[in-house]
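Trainee: Predicted model, plus sequence, below.
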Amino acid sequence: MLSDSEVAELLSFLTPSTRPDVKGQATEYILGLSGNRDGCRFLHSKPDLIAALFALTSDPSIAIVKDCYHIFINLSADETLHQVLVKDVKVVPVLFKNLLDPEYLFSDQICTILSNLTRHEKTCKILFKVLQEDVGMAQLVQIFCTEGYNKNAKLHYLGPLLSNLTQLPEARNYLMDKDRCVVQRLLPFTQYQSSVVRRGGVIGTLRNCCFDHAHHKWLLSDAVDILPFLLLPLAGPEELTEEENEGLPVDLQYLPEDKKREEDPDIRKMLLETLLLLTATKAGRQMLKEKNVYPIMREFHRWEKDAHVTAACEKLVQVLIGDEPEEGMENLMEVEIPQDVEEKLKEADAKEQEELEKEEEKRKQAEEEAEKKKKSDSEQTDREQESGLIK
Amino acid sequence: MASTVHSDSDDGMDAFMDKFKTQRYKNAFSENDWEEEFNKIPMFMKNAPEEIDPQKYPELACLQSIIHDEDRPPEEQAKSLKDEGNAYFKEKNYQKAVVAYTAGLKKKCADQDLNAVLLTNRAASHFYLGNMRSALNDAAAAKKLKPDHLKALIRGAQCCIELRHFSEAIQWCEDGLKVHPTDKKLRELRAAADKHKRAAERDARKAKAKEKKLHGEKEALLNAIKDRGIKLVQPARAQRSGSDSEDEDERSPAAIAELSLDGLSSQEVTGAQVFVDEQGSLQWPVLFLYPEHQQSDFISAFCENSCFTDHLGVMFEELPPWDADRKYLPQNLQLYFEDEEKETLYRVDPEMSLLKILQHKRYFVKAGTPSFIVLVKGSSYCKQFLSGRKIHGL
């Protein structure tokens, strides 16, 4: 890597008063460094460089600022750098401040950085504290939910940011504050077509929220009414009987013929996991049974091809059509599992995962083969046609 | 009123006081109507009179003029008018409340808080009068003056809900919650508006699905008729060249709609219409005309596979009352249909099925109801009817 004197020289180039072309070359070079692990490790030991770069995010040249932000995106992706970024360079308050500015040009990059910084619990906690002091989670949700808040940025990465934040119980409690209207504003985004990042972020957030079974009753009540928003992406255009239709939540009745299901299998899986979480309590199970979730799952199961997602669907269906657990075990989240049983279950889980992987592989291969065959078939007929013509 | 010990005073006080024991004072209340009189004194009034006639209620008119004195600063005047409006509001006299608040706003005083309250209260009055749009306008104006005025925000949302503008209602609630994040009423209104909105969306989807189904059924029916080669004709008013029924390639939705509206709507008040039964056969409403007696019979569902003799046998099992000559026996009847365009009568073999007749190249079903003329073989009326007309056998 660079020697100490080289580093000092580099540092001197990273001042606002430096000639733009020299500055630009310096930032470009560091951008290259930040793109690989060794480079990051090197930068980790040079907080002065990082601080200087951060200061350059206020540089008048847009190209320079852009490079700087990209550097920070790369740095924030590496967990070993989090301490430096947050504690030494103190990037977070400035980032939040700029995020609030509706005219700021680099808000999308900020969202990505914040999202990266919140992936792991340790830094997430620090970030959340700053968030509450400077911005407030309510404002963050507000910005996220306001279409066109920033003309220059889509702010989709606030979705994963929220999702990461909700690994903390404090964040979940704030989001699910009964006296406010916060989580409700996220619900429509479960079907936000234009961005899989935003959609996935919101659904991840909702899934995390559902880990707190104390909130289930409220989440399923009219005050929030989370269920239709989880089911809609999984529901399809298939016609259900009049009877089945009338029992469904209002939003799922009489869906048009062109209704499409969620395209991303990981998101589909998350939705099913969220629904499964909601079946933990007896009240939750009852509600899901009453609201005719089963027919939706039945049609979904017919349609789904991915082995992992199908497995998640089957788990849910089992609970929906199965008998109620015996007394004392109604809340599935509170049931005590003895150590040896837990170990066996873990083993079984691991095995199941392996099998599913194999199944998926097989299926994908089969699909590819079918594609190849189709291609070669059509080539064949083309040749036949040609030969026919010649004759 | 007894004289005190200090009766040194020589000012005639005692004498003055003694007078009261004997004399009545002017304008005293009488025993009979003192309650009425009491009610006329402004201080003791239970309700204000609708109109204040200075002759009957001089004191009240006086007070009024003090209250509405134009010399007072506009803020004070506006405030008094607000109070007046509030008093009327409490009595549920919403019309008068509106008048008072309007007068208060006219003062254009500089106190924007007061103006916002006047607007909000007027909005409430309009709300209870059922004037939702006026109420909404007032709430919006109040919101503009004071974006954090809670009552205006709530009222605005309520008006939108009454007007069934649910998305707008939700927007009002969200604007409100920005400033009052924990307000229960705003939260509840938002949830209610959201619920209504989604129900309305479902209703729209349901209606669309129903319409589609109906349309599909209509199309299937028209296809069934077309496939059999049966020609439909619209009643006289359609003057299109090459009537739609002959243009068998016209498959656009508009044409189908036209056909289904005009070609099949029966002119009969019974509202019977041709339909496809469970076995896939068409069942037609059919008219039998008896020109001799100006009578007719209506069969609401004549299966295309049945023949005429089947029906005639049943219809004339007992001879109808108008058949004075007792001659309309099933075996004596002759059936004809008329080709209007060529002014020709075609004789129908009653042993044939309805379908076969309808498929005749000169048969046009008019107004969705096939009709047939019934005459008695060899009768004088029959001879008369048929003379001078072109007739074809089948």
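Mentor: On my side now, so go ahead. If you're wondering where the values come from, they're calculated on a predicted model, not measured in any experiment. Numbers count the residues shown, from 1 in each chain, chains lettered A, B, ... in the order given.
Trainee: for the stretch 1-150 of chain B, what are the low-confidence residue spans?
Mentor: Within the stretch 1-150 of chain B, the stretches falling below the threshold (pLDDT under 70) are B:1-10, B:24-25, B:27, B:48, B:50, B:67-69.
Trainee: And the helices in it?
Mentor: Counting by DSSP state H, counting those that start in this stretch, the stretch 1-150 of chain B has these helices, from start to end: B:13-22, B:34-40, B:58-67, B:74-90, B:94-106, B:112-129, B:132-145, B:150-162.
Trainee: ok, and the closest non-adjacent residue to the residue of the stretch 101-250 of chain B found nearest chain A?
Mentor: Of all residues in the stretch 101-250 of chain B, the one sitting closest to chain A is residue B:205 (4.1 Å; Cβ to the nearest Cβ). Just so you know, the C-beta spots here come from the backbone N, C-alpha and C atoms, and that holds for glycine as well. Spatial nearest neighbour of residue B:205, chain neighbours left out: residue A:254 (4.1 Å); criterion: Cβ to Cβ, 6 or more residues apart in numbering or on different chains.
Trainee: My guess is the one you found contacts residue B:202. True?
Mentor: Yes. Between residue A:254 and residue B:202 there is a contact at 6.5 Å, judged by Cβ atoms under 8 Å.
Trainee: Tell me the spacing between the residue lying closest to residue A:303 once chain neighbours are set aside and chain B.
Mentor: Using Cβ to Cβ, 6+ apart and skipping the chain neighbours, the partner closest in space to residue A:303 is residue A:236 (5.9 Å). Spatial separation of residue A:236 from chain B under the definition Cβ to the nearest Cβ, to the nearest Å is 15 Å.
Trainee: quick check, residue A:236 in a strand?
Mentor: No. Using DSSP: H, G, I helix; E, B strand; the rest coil, the assignment for residue A:236 is coil, not a strand.
Trainee: For the stretch 51-200 of chain A, what lies in contact range of chain B?
Mentor: If contact is defined as Cβ under 8 Å from any Cβ of the partner chain, the residues of the stretch 51-200 of chain A in contact with chain B are A:138, A:142, A:179-181, A:184-185.
Trainee: Show me which of those are buried.
Mentor: A:138, A:142, A:180-181, A:184-185 (16 or more other Cβ atoms under 10 Å in any protein chain shown).
Trainee: related to what we said a few turns ago, show me the two of the residues of the stretch 51-200 of chain A next to chain B that sit farthest apart.
Mentor: Farthest apart among these by Cβ to Cβ are A:142 and A:179. That separation is 16.4 Å.
Trainee: now stretch B:155-171: mean pLDDT?
Mentor: Model confidence over stretch B:155-171 averages 96 on the pLDDT scale.
Trainee: Need the distance between the two termini of it.
Mentor: The first residue of stretch B:155-171 is 13 Å away from its last residue (Cα to Cα, to the nearest Å).
Trainee: Give me the contact list for it.
Mentor: Contacts of stretch B:155-171 with the rest of the structure, by Cβ atoms under 8 Å, 6 or more residues apart in numbering or on different chains, involve B:120, B:123-124, B:127, B:132-133, B:135-136, B:139-140, B:143, B:172-173, B:176, B:186, B:189-190, B:192-194, B:196-197, B:200.
Trainee: Likewise for stretch A:203-222?
Mentor: Under the criterion Cβ under 8 Å, 6+ apart, external residues in contact with stretch A:203-222 comprise A:159-160, A:162-163, A:166-167, A:169, A:172, A:175-176, A:178, A:183, A:186-187, A:190, A:224, A:226-227, A:229-230, A:267, A:270-271, A:273-274, A:277-278, A:280-281, A:283-284, A:287, A:331, A:333, B:191, B:195.
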